[in-house]
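A.B. asks: Structure, please.
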Amino acid sequence: MRGLMMVDLDGTLYSTDAPYYRLAEELAAYIPASTRDDFLRRVHLHFSGQRPIPFGDNWDAVTRLALTYEARPEGWLMAFERTREAMVASDMLDPLPQPVTRFFQWAGSQIRLVLVTNTPAAVAIPVLTRLQAWPLFHWISFAAQKPAGLFRLAHEAWDGPINPCRTLSIGDHYDQDIGWPYRWGWTTAHISPRRQRPGPTTFRAPTLEILLPALYDWVRALPAADGAPVKHPLT
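C.D. replies: Now for the predicted structure:
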């Protein structure tokens with residue numbers, strides 16, 4: 001196999017902030033009325049870049065901020081579920097941009113593409129359908145238990161020892177998608193819409209689309225395939 005690219009879903013394959021604003025609105029119902037408006041104002045300041053919140057990803061940012069406003073935790077699961085339902089039942093998510101789709105179609109003929117998400121299948125499948133991303137990956141792993149799950153899945157994808165120089169992890173959550181793979185010697189690409197720099201990475205950009213030239217170059221620079229097939233059944 002020539003190479004392996006492992007791609008995150010939430011916050012990586014879509015770049016709009018609308019889902020996070022929707023989560024903030026849902027969580028606001030569990031925040032005391034006296035501070036609810038201030039919470040939503042702080043959410044806006046974060047996403048406008050005026051007062052960014054240190055975070056693992058944007059879901060993290062909203063929930064951490066809600067905690068500082070004494071949000072009651074008993075309804076959080078429902079808040080997330082309602083947000084997910086809204087993501088696929090409205091125009092909150094558009095299909096992937098054509099340049100991103102074309103890149104994955106081309107890269108899939110050169111290397112193995114694996115989508116790895118910590119989101120359960122029941123939640124992630126409607127999002128993938130909305131993004132029209134299903135056909136782009138050779139293999140999709142749900143509830144992957146990243147970051148540790150990344151290593152196990154990479155080993156399975158390589159069908160033996162991992163070649164770190166030919167393995168790339170793309171994601172927006174630094175701890176789950178970037179930090180450990182970087183330590184393992186992989187190439188890493190951090191999607192950071194707020195341009196935060198929590199640690200080292202090979203590439204960093206605010207959106208996946210902006211990162212495409214570097215990803216094209218990375219794939220083109222890989223040595224020739226070793227004879228192992230790229231395509232394999234979706235599991």
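
A.B. asks: care to break this structure down by domain?
C.D. replies: Here the domain parsing of the chain from automatic domain parsing is 4-15+95-220, 18-89.

A.B. asks: In terms of helices and strands, where is the residue lying farthest from the centre of the chain?
C.D. replies: Seen from the C-alpha centroid of the chain, the residue lying at the greatest distance (C-alpha atoms, centre = their mean) is Ser34, 34.0 Å away. When elements are assigned from DSSP states H and E, Ser34 belongs to helix 33-47.

A.B. asks: and that helix, what's its mean pLDDT?
C.D. replies: Averaged across helix 33-47, the pLDDT comes to 94.

A.B. asks: Now tell me what touches it from outside.
C.D. replies: By C-beta atoms under 8 Å, 6 or more residues apart in numbering, the list of residues contacting helix 33-47 from outside reads 17, 20-21, 24-25, 27-28, 31, 51-53, 58, 61-62, 65-66, 69-71, 194. Yep, even glycine has a C-beta here, placed from its N, CA and C like the rest.

A.B. asks: now do 6 Å
C.D. replies: Applying C-beta atoms under 6 Å, 6 or more residues apart in numbering, the external contacts of helix 33-47 come out as 17, 24, 28, 31, 51-53, 61, 65, 69.

A.B. asks: a markdown table for these, including neighbour count and secondary structure?
C.D. replies: As requested, the contacts of helix 33-47 are arranged in a markdown table below (neighbours: other C-beta atoms under 10 Å; DSSP: H, G, I helix; E, B strand; the rest coil):
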| residue | neighbour count | secondary structure |
| --- | --- | --- |
| Asp17 | 18 | coil |
| Ala24 | 25 | helix |
| Ala28 | 19 | helix |
| Ile31 | 22 | coil |
| Arg51 | 11 | coil |
| Pro52 | 15 | coil |
| Ile53 | 18 | coil |
| Ala61 | 22 | helix |
| Leu65 | 21 | helix |
| Tyr69 | 18 | coil |
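
A.B. asks: Show me where the protein has its helices.
C.D. replies: When secondary structure is read from DSSP state H, the chain shows helices at 18-28, 33-47, 58-68, 76-89, 98-107, 121-131, 148-158, 180-183, 208-220.
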